[in-house]
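> got a sequence here, can you build the structure:
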Amino acid sequence: MRLTTVILFFTVFQISAATTFGQKVTYNKKNTTIKQVFTEIKNQTGYNVIWYDGKLNAQMVINANFNNTSLDDVMKSTLKGRGVTYEIRDKTVIVKVDESSFADKIISFFTTIDVRGRILDENDAPLVGAIVKVKGTKLVAPTNGNGEFVLNGVDEKAILTISFLGYETKEVAASKSIGIIKLTLNADKLEEVEINAGYYTVKDRERTGAISRVTAAQIADQPVNNPLMALQGRVAGLQIIQANGIAGSAFTVRVRGTNSIRSGNDPLYIVDGVIYPSSGISGIRTNTSSIGANGVSPLSLINPNDIQSIEVLKDGDATAIYGSRGANGVILITTKRGKSGRASINANLSQGINQVGHRLNLLNTEEYLEMRREAYFTNDKLTTSSPTYATQYDINGTYDQNKYTDWQKELIGKTASTTNAAVNITGGTDKSNYLMAGNYYREGTIYPGDFGFKRYGIRSSINLGATEDRFNVNLTLNLNRTNSNIAENIVPHILLAPNAPDLLDESGKINWANNTVALNPMAALLKTNNAITDNLVGNLTMNYSIIKNLVIKSSIGYSSIKRKELSTTPLASIAPIQNSTSTARESFFGNNYVNNFIFEPQIIYKAKVGAGNIDALVGMSLQNNDAQINVMRGSNFTSDDLLKNIGSAASLTTTQNDFSQYRYIAAFGRLNYNLANKYFLNLTARRDGSSKFGPGRQFANFGALGAGWIFSDEKLFKEKLSFLSFGKLRASYGVTGNDQIPNYGFLQLWSNGTVYDNTSTLVPNTVAPNDEFSWETNRKLEAALQLGFLKDRINLELSFYRNRSSNQLILQSLPLSAGLLSVQRNLPAEIQNKGWELESDFKIINNNVFKWSAALNISIPKNKLLSYPDLENSSNASVYTVGQPLEILKALNVILNTQTGLYTFEDKNGSGTLDNADIYISKFLGQYFYGGLENTLTYKKFSLNFHFTFAKQNGRRSIGASSPGTWAVGNFSNQSTEVLKRWQQAGDETSIQRFGTTSTTTNPYNTAMSFGNMSVVDASYMRLRNLSLSYSLPEKLLSSIKINAASITLQGQNLFTITNYMGLDPETPGSVVPPLRTLMLGLNVTF
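Numbers count the residues shown, from 1 in each chain. This is a model prediction of the structure:
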């Protein structure tokens, strides 16, 4: 047997040698390079030559003199005396270190090695998920988060193939420590990069719709607790505003503006193919909780580091296949999947701090007392004998006149700690793979006390494929729990008098200062707002190829959010002067859930037709959504210690008990035609049915048409515009619907009424039934130009869009005689959103030592109410103006009387009194433009990424001298230092009225701040949204301790803001916790 093997070996060797020696090369050139010789070998013989830069200097200049010379002789002559040799396998010539003897070769042939290396892109950034495969075997390994890989048991003579979407595949010879391997972008990098469009994927260069993408690498650079925070400033046309800086709080998200007069403006969220709630999860006491009136963000339940990519679908072509659900845009979230190769474990741990990044400039004690005395004594002409003087504790001697407390430091100045930990294990073959992951996140509070937010999660992804690639099953499961202990909002209390007494007495109890304090923020913190939320998202997808080019697909998804809440008000939290009886004690017990089931069977067909290719898809969507909320109020507890026990309440009533069910059915289709990879046509259609409409109104048809032309592939452009590496024109028009309204609007509903003898009653809902209303309609038009210059070192995408939404769904007020307040109906009003968007990226410096790349996006939106029949007689007459944006404040014209120092208001119609006709000024409250600027710099093993966001915008004045509803300047409340510029004497030219404490001064002040044009100010800003500095530890050091890869990262969020806005934050105005400044130090290790 061994003799046979030897004979066979030498026979094959001779045949191979004969074939090789038959290859001839002719190349004569002086001062050429070794690399050029190898290029000529490939061009003339088809044999590919591979080598390591560290073992052979291929740029070495030589003289080539080969005339019909055999390949073997060319290689010997070229490599002679350079310490290397070569080996020919199949049609590949491998250059390697010269070996000492034939015996060494025999020994090496029968040994295997462990191969380690790192895959980088042209900018020295790690390529995460690149596939390294041993050619001709099933051995395969993906790269980790640092671009590193390990392959065990590899034949030393093996060839490795390294591939990554959008990059040239590279082959290298195996060795124990390959080191760094760099992949280069394809000549047209857009050719291979695939974009998730929901029901299908499309190559980036071939898409006809507006789709923006944020990758896992971009998300990983940010220390955020919600995926939406990772999108801020990274996607043109996407506005994301955080309700406040408390972890878990809600967000306002708009894709290309506000389309609806009513509240149905949220985009559609899809997580791993499953519909996910878009609106905030309402709390049982959101009117007082610092979480905000918008409730809790459902996406706070998802760990951002579990996400592989986020795609934002914006225009009609991209969203029409989702029908009514995609009227306001679609946000697709895809979590990470398993990767082929040996089992790999990745662990990440980061620890950091959170702080309020900016504080108000408030009056000190001396300035504050000057304001108060000037208001009370000088301007209001009051004296120490006046009846109100006894309650002026800050100036009558009750409070220490020399005491100063920085209440911002005391109440919102605490440094909160944050911990983020995650671990995952992944592996598999080229057919099947798996991923198991777990994560933990905790964020503390900036308030005094032990409040915070915790999230725990486990996740799995299993992909099974058949040998013949005809059948595939993918199962993903995500299970998360959050535990939030949220404090009452005490931010308004930072305006306490700076000489107010301590909040706690010497024994640590609430200091009511002999009943001179009615509101003590430390007492508010005794109230509890606890919530435990469980979230499950699961999706099972099956694909089966019946025949060539024909695939049937089935997707079954389920998501569930269950929330249990407890809110308590102990007697100790209430001032003695307000209430001292046990009836003030109360607790609210809440339970709610939202369950969503979706089933989507599909048939996919792909075929070549003439000179082009068609891609067809038909499918159905069946969705069922159940939601329930139950809230009970317990009162008359005998002790604060019993407030958490529902059975201890002497009185128990149901304040809310609602159940709703939403059902949805649709049929959809897509037909795409690709001609010569230059001309593209995409047609989508959908018929939707929704249970939110009455009989005869439940179904509607929607669709879109998109087209694209890659003109850079035309011969004329290639010859005349050689600097243009890519150029495409695309356009689309689509019609979508909107059914984002409450359920059962066409039926008579009933609500809880007055409680009699602990028994709840029922009363008719205030909304009259109406079965005549139907779908809103949104018509979307877009045209775009995509350009790539200098081999795609500069890439630009410029888009113009115009969306018009009509047949508005509104709640129309009814006359009192109707007995009900309003009715749901359609209004023939029309809203327009149009604008320009620019997305671009640049490779500024690109060499072997230093890389610098940048990305910029800018959006210029314009919103307008085109029509609103009979607006002047509607309840919205004081809110909207035809021809103006929806985001306006219809305001009075405020004038400061320089003789009296008081605000007055222009009587526009000369009636002698202020009325609606005098509210005629429209002040814009939105954004003129916004965007983001990102830079990435790499130097050897260091990488620095920083991202700025910016906006030119208007906003409402903030707390202090400029907050609607707060005490007027001069009252028992601190103010911004800007009030020192107030009016003091006749003739003073200023914008701030005189100090005062009586209604003579407070009434005009509060009117001006609530309804006056001066309440709208410039809130523009530029913010360093996030910064990430990382260092990858040396491979030699790690290999000695059996670690594949490790990196240390320092990350920051909201590090500084440049703005003239005088409030706590220009992006999140008002008396709430602003987005916090975050610093995190992390370690990432892969085994």
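
> contact partners for the most centrally placed residue in the chain?
By CA atoms, centre = their mean, the mean C-alpha position of the chain lies nearest to Leu228, the distance being 2.4 Å. By CB atoms under 8 Å, 6 or more residues apart in numbering, the contact list for Leu228 reads Ile240, Phe251, Val253, Ser297, Leu299. (Each C-beta comes from the backbone N, C-alpha and C, glycine too.)

> which ones among those lie within helices?
Under the assignment DSSP state H, the contacts of Leu228 contribute nothing to helices.

> pLDDT check: weakest of those residues?
Among the contacts of Leu228, Ser297 carries the lowest pLDDT, at 84.

> now it: closest residue in space that isn't a chain neighbour?
Leaving aside its sequence neighbours, Ser297 sits nearest to Ala250 (CB to CB, 6 or more residues apart in numbering; 4.7 Å).

> per-residue confidence at that neighbour?
For Ala250, the pLDDT comes out at 88.

> and for it, the neighbour number?
27 (other CB atoms under 10 Å).

> phi and psi next, for it.
Note on Ala250: backbone dihedrals following degrees, to the nearest 10 are phi -80, psi 170.

> what do you get for Glu168?
Backbone phi and psi, for Glu168 under degrees, to the nearest 10, turn out to be phi -70, psi 130.

> partner strands of whichever strand or helix holds Leu435 and their direction?
Assigned by DSSP states H and E, Leu435 falls within strand 433-443. Partner strands for strand 433-443, per DSSP bridges, with pairing direction: strand 416-428 (antiparallel), strand 452-465 (antiparallel).

> can you redo the ones you listed as a markdown table with mean pLDDT and distance to Leu1064?
What follows is these, written out as a markdown table (pLDDT from 0 to 100; distance: least, CB to CB, whole Å):
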| stretch | mean pLDDT | distance to Leu1064 |
| --- | --- | --- |
| strand 416-428 | 95 | 16 |
| strand 452-465 | 94 | 20 |
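
> ok, which of the ones you listed comes nearest Asn480?
Closest of these to Asn480 is strand 452-465, at 3.9 Å (criterion: CB to CB).

> and that closest one, how far out from the chain middle?
From the chain centre to the centre of strand 452-465 is a distance of 19 Å (CA atoms, centre = their mean, to the nearest Å).

> after it comes which helix or strand?
For strand 452-465, the following helix or strand on the C-terminal side (DSSP H and E) is strand 471-485.

> what's the angle from that next one to strand 433-443?
10 degrees (axes from the mean of the first three to the mean of the last three CA atoms, to 10 degrees).

> buried ones in strand 471-485?
Neighbour counts using 16 or more other CB atoms under 10 Å place Asn472, Val473, Asn474, Leu475, Thr476, Leu477, Asn478, Leu479, Asn480, Arg481, Thr482, Ser484 of strand 471-485 among the buried residues.

> swap in stretch 700-719?
Neighbour-count burial for stretch 700-719, counted by 16+ other CB under 10 Å, picks out 700, 702-713.

> can you redo those residues as a markdown table with secondary structure?
Below are the buried residues of stretch 700-719 laid out as a markdown table (DSSP: H, G, I helix; E, B strand; the rest coil):
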| residue | secondary structure |
| --- | --- |
| Ala700 | strand |
| Phe702 | strand |
| Gly703 | strand |
| Ala704 | strand |
| Leu705 | strand |
| Gly706 | strand |
| Ala707 | strand |
| Gly708 | strand |
| Trp709 | strand |
| Ile710 | coil |
| Phe711 | helix |
| Ser712 | helix |
| Asp713 | helix |
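
> just the closest of the residues you listed to Tyr276, please.
For the buried residues of stretch 700-719, the closest approach to Tyr276 (CB to CB) belongs to Phe702, at 21.4 Å.

> could I get stretch 350-367 in PDB with only the CA atoms?
Provided in PDB are the C-alpha atoms of stretch 350-367 (Å, rounded to 0.1, in the frame of the first residue of the first chain):
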ATOM      1  CA  SER A 350     -17.100  48.300  30.700                       C
ATOM      2  CA  GLN A 351     -17.500  50.500  33.700                       C
ATOM      3  CA  GLY A 352     -18.200  54.200  33.700                       C
ATOM      4  CA  ILE A 353     -19.900  57.300  35.000                       C
ATOM      5  CA  ASN A 354     -22.800  59.600  34.100                       C
ATOM      6  CA  GLN A 355     -23.100  63.300  34.900                       C
ATOM      7  CA  VAL A 356     -25.200  66.300  34.000                       C
ATOM      8  CA  GLY A 357     -23.000  68.000  31.400                       C
ATOM      9  CA  HIS A 358     -24.200  71.500  31.700                       C
ATOM     10  CA  ARG A 359     -25.600  73.600  34.500                       C
ATOM     11  CA  LEU A 360     -27.700  76.800  34.600                       C
ATOM     12  CA  ASN A 361     -26.100  80.100  35.600                       C
ATOM     13  CA  LEU A 362     -28.300  81.000  38.600                       C
ATOM     14  CA  LEU A 363     -28.300  83.800  41.000                       C
ATOM     15  CA  ASN A 364     -26.200  83.500  44.200                       C
ATOM     16  CA  THR A 365     -27.600  84.500  47.600                       C
ATOM     17  CA  GLU A 366     -26.700  88.100  47.400                       C
ATOM     18  CA  GLU A 367     -28.100  88.600  43.900                       C
END
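
> tell me the average confidence for stretch 624-637?
Mean predicted confidence for stretch 624-637 is 92.

> contacts for stretch 1007-1022 next, please.
With CB under 8 Å, 6+ apart, stretch 1007-1022 has contacts from 889, 891-894, 903, 905, 919, 921, 923-925, 948-957, 962-966, 991, 993, 1057-1062, 1066-1067, 1069.

> tell me the buried residues within the residues you listed.
Restricting the contacts of stretch 1007-1022 to buried positions leaves 889, 891-894, 903, 905, 919, 921, 923, 925, 948-951, 953-957, 962-964, 966, 993, 1057, 1059, 1061-1062, 1066-1067, 1069, with burial counted as 16+ other CB under 10 Å.

> in helices only, show me these.
Per DSSP H, the subset of those in helices is empty.

> for Leu495, what are phi and psi?
Leu495 has phi and psi values of phi -90, psi 20 when expressed as degrees, to the nearest 10.

> which SS class is Lys409?
Here Lys409 is recorded as helix under three-state DSSP.

> now the helices for the protein?
Assigned by DSSP H, the chain shows helices spanning 2-21, 34-45, 71-79, 102-109, 216-220, 227-231, 316-319, 365-373, 407-412, 521-524, 715-720, 999-1011, 1035-1039.
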